[in-house]
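**Q** Could you look at this predicted model? Sequence included:
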Amino acid sequence: MVAIIGAGHHTYTKEQEEMFLKKFSLINKKYFLFIGHISNKKNIIRILRAYNILEKEYQKEYKIVLAGQLAYGSNE
């Protein structure tokens, strides 16, 4: 079971989790996960830059997943 905690709290069943992972081709994959509003305040550019400096070997092994609503300033 996956619990996402933010402004509210929502719990997902194992079936819902598996459906999400399948939809985004993440089953049996390793990934870094960011959950939050996609906005300048969250400094996502820095997250992407940090991921970009990983050795290419790690980039093949680990995907990056950004999950959240687009917020003001997210058009960059």
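**A** Noted; the coordinates are in hand. Residues are numbered from 1 along each chain as shown.
**Q** the strands in this protein, which residues?
**A** For the chain, the strands defined by DSSP state E occupy 2-5, 9-12, 30-35, 62-67.
**Q** Out of the ones you listed, name the one with the poorest average pLDDT.
**A** Of all those, mean pLDDT reaches its minimum on strand 2-5 (a mean of 49).
**Q** quick one, phi psi at residue 29?
**A** Dihedral pair for residue 29: phi -120, psi 150, per degrees, to the nearest 10.
**Q** right, and it touches residue 63 too?
**A** Yes - taking contacts as C-beta atoms under 8 Å, residue 29 lies within contact range of residue 63: 6.0 Å. All C-beta spots, glycine's among them, are computed from the backbone N, C-alpha and C.
**Q** what sits against the residue nearest to residue 62 when sequence neighbours are not counted?
**A** Sequence neighbours aside, residue 30 is the residue nearest to residue 62 in space, at 4.8 Å (criterion: C-beta to C-beta, 6 or more residues apart in numbering). Residues counted as contacts of residue 30 (C-beta atoms under 8 Å, 6 or more residues apart in numbering) are 61-63.
**Q** any idea how far residue 20 is from residue 14?
**A** Residue 14 is 11 Å from residue 20, where distance means C-beta to C-beta, to the nearest Å.
**Q** Which one of the two is surrounded by more residues?
**A** Neighbours per residue, other C-beta atoms under 10 Å: of residue 14 and residue 20, the larger number sits with residue 20, 14 against 9.
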